[in-house]
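In: Quick one, fold the following:
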Amino acid sequence: MKILQSGLSQLSKSLISIRGPDATKFLNGLLTSRLLPHVVKKKQHTISSAEFKHANLESIIDPMTNYGVMHEDIYDPDYNIFITREGINSMILNSKGRVVTDCFLYCDPFHNVNSGFEKELQLPGYLLEIDEVSLNKLMMMLKLHKLSAKVDIRPEKSLTSYYYYNDTVEFDAWLEDIQQKYFRTVDPVDALQNANSFIQNEVIFKQDFASKILGFAIDNRIPNFGFKFVTDVKLNNTADVIEKVFSPQFIQQFETPLISESNVIDRRFQNGLFEATDAPSGESLLPFECNLDYTNGLSLDKGCYVGQELTIRTYNNGIIRKRIYPVQFFTIDDNIVETIKQAQDDDDVEVVFPSTSVVEQVPSSSLSKLEMTPMIEENVKEDEAPQTAPSPFGSSSKPVRKRKSSSGKVLAVKGDVGLCLLTMADVSKSPFFKVEIPSFEHGKKQVGARVVVPDWWPE
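Out: From the prediction side, this is the model:
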């Protein structure tokens, strides 16, 4: 899978405008991220001294104003909550705690340079970015939950979402500096002023393009993964990008070709970043299975929202059995199986995996039906086998059959890379699995799958 090192791509996303006096409260009841300044702690013994630094959030934030959004990371030991104008990653769940869709939420507007958005700033306003195939379903859900809330909900078909990434060390360090300078405040007034300075200083965009930027977000699902922006301008080629969008200082530092969305998708798969629409239609997934807690899309003490009860109970009980892992598929033969067995016993043994994309031959609707089982079965010695107590009713002549169970299933495939839902306990024992694929010639064909735990996952 060859991926371009950098580029700007138009995304297949739809934008929904949500504006009105109750917009913040309305969305807070649907998203897994926090939008209201209230802190709800059910377990008092888990409260740390660091959390009291946000006791004055309610005096700082007025949800009836266009204050911005809150950024928090549940793995941050300092328990920081920042108020900024950049967007956040989040999810919408159903009443059973299952994922409806993932999304990005943008402040609308992002800035107010030259007082160009005074009218929009008078009321809370947001842009909700979702996959275009989910638009009709989500519009229906939003209208069902609206009830008496004073919000205006409408799709914005004239808006387009763009994504820029650059896989260089220089860009990673540069983006980290930008966040520290412009998007790490705790005051709504400072947040708007910083956004204005970000535009006026032409850090990324030309100031002439400023009036066309309606939303902006740094993609921190993976640290410093890229940035996104929403505009009503259509970009047709690289010349448009250079001429209309990026500032001279940004172009001087980084390459800005216009690339296809397939590069962005391939890059996500290679880094193990799952999106809800990657899964086959009708798949029922939990937010922790989708690694929402790893991608900065979850608040643990924001209070009630749709699907919150099961989500928080799962977190507090610590019962997360499955997660979506990135895997690399390879061809299975006798030599590779023996080499894997040797490698597990001896760390010095090097394994070369012959890649294969044969899984792509399976229709997407049938992917989740493919069984994944450990490649190296555990051998249980007779003296280690569990002993059963003798029955007072005598022994049965029927042999006891052990139920065959799979360790996971394939959700999505791109070339020789895939995203699979696997049992964490099985992955901890061995990263090697096998997948049985229907074949007209051989009845069934086995393909190997090697789990690659992403280095951006928290320990």
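In: Just say helix, strand or coil for the residue nearest to Phe110 when sequence neighbours are not counted.
Out: Sequence neighbours aside, Phe216 is the residue nearest to Phe110 in space, at 4.7 Å (criterion: Cβ to Cβ, 6 or more residues apart in numbering). C-beta: built from backbone N, CA, C; applies to glycine. The three-state assignment at Phe216 reads strand, by DSSP: H, G, I helix; E, B strand; the rest coil.
In: List the residues that contact Phe216.
Out: 85-87, 106, 110, 195, 227-230 (Cβ atoms under 8 Å, 6 or more residues apart in numbering).
In: switch the cut-off to 6 Å
Out: The contact partners of Phe216, taken as Cβ atoms under 6 Å, 6 or more residues apart in numbering, are 86, 110, 229.
In: One more: Thr295?
Out: Residues counted as contacts of Thr295 (Cβ under 6 Å, 6+ apart) are 89, 221.
In: residues near Lys157, how many?
Out: 9 (other Cβ atoms under 10 Å).
In: what about it, helix or strand, and which?
Out: Counting by DSSP states H and E, no helix or strand carries Lys157.
In: got the phi/psi numbers for the residue lying closest to Ile18 once chain neighbours are set aside?
Out: Distances taken as Cβ to Cβ, 6+ apart place Tyr126 nearest to Ile18, at 4.9 Å, with adjacent residues excluded. Here is the backbone geometry of Tyr126 (degrees, to the nearest 10): phi -140, psi 160.
In: Could you point out which residue ranges in the stretch 351-459 of the chain have low pLDDT?
Out: For the stretch 351-459 of the chain, applying pLDDT under 70 flags the ranges 351-365, 368, 377-406, 439-443.
In: Which parts of it are helices?
Out: 424-429 (DSSP state H, counting those that start in this stretch).
In: And the chain, by the same measure?
Out: For the chain, the helices defined by DSSP state H occupy 23-28, 57-60, 135-146, 169-182, 188-200, 238-240, 248-253, 261-271, 308-317, 334-345, 424-429.
In: so can I have TSV of these showing mean neighbour count and distance to Ile324?
Out: What follows is the helices of the chain, written out as TSV (neighbours: other Cβ atoms under 10 Å; distance: least, Cβ to Cβ, whole Å):
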stretch	mean neighbour count	distance to Ile324
helix 23-28	23	26
helix 57-60	13	33
helix 135-146	14	21
helix 169-182	14	24
helix 188-200	19	33
helix 238-240	13	34
helix 248-253	13	34
helix 261-271	19	11
helix 308-317	16	15
helix 334-345	13	23
helix 424-429	14	11
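In: possible to save these as CSV with distance to Asn80?
Out: What follows is those, written out as CSV (distance: least, Cβ to Cβ, whole Å):
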stretch, distance to Asn80
helix 23-28, 20
helix 57-60, 12
helix 135-146, 30
helix 169-182, 12
helix 188-200, 14
helix 238-240, 38
helix 248-253, 28
helix 261-271, 25
helix 308-317, 20
helix 334-345, 41
helix 424-429, 28
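In: do you know which of these lies nearest Leu285?
Out: helix 308-317 (12.2 Å; Cβ to Cβ).
In: Which strand residues bridge the residue nearest to Phe110?
Out: For Phe216, the beta-bridge partners under DSSP bridges are Phe229.
In: where's it relative to Thr231, distance?
Out: Here Phe216 is placed at a distance of 10 Å from Thr231 (Cβ to Cβ, to the nearest Å).
In: How about Phe330?
Out: Going from Phe330 to Thr231 by Cβ to Cβ gives 42 Å.
In: so where's the stretch 201-350 of the chain shaky on pLDDT?
Out: Flagging of the stretch 201-350 of the chain using pLDDT under 70 yields the residue ranges 334, 337, 340-350.
In: Quick check: of the contacts of Phe216, which lies closest to Ile222?
Out: Nearest member of these to Ile222, counting by Cβ to Cβ, is Glu86, at 15.8 Å.
In: what about the closest one, how many neighbours?
Out: For Glu86, using other Cβ under 10 Å, the count is 27.
In: repeat for the one 3 residues further on
Out: When neighbours are defined as other Cβ under 10 Å, Asn89 has 21 of them.
In: And Phe82, by the same measure?
Out: The local packing of Phe82 (other Cβ under 10 Å) involves 18 other residues.
In: Tell me what it is bridged to.
Out: His71.
In: Same check on Leu31?
Out: Applying DSSP bridges, one finds that Leu31 bridges with Ile92.
In: My guess is it contacts Ser90. True?
Out: Yes. When contacts are counted by Cβ atoms under 6 Å, Leu31 is listed as touching Ser90 (4.5 Å).
In: How about the contacts made by Arg19?
Out: 123, 125, 152.
In: same thing but at 7 Å, please
Out: 123, 125, 151-152 (Cβ atoms under 7 Å, 6 or more residues apart in numbering).
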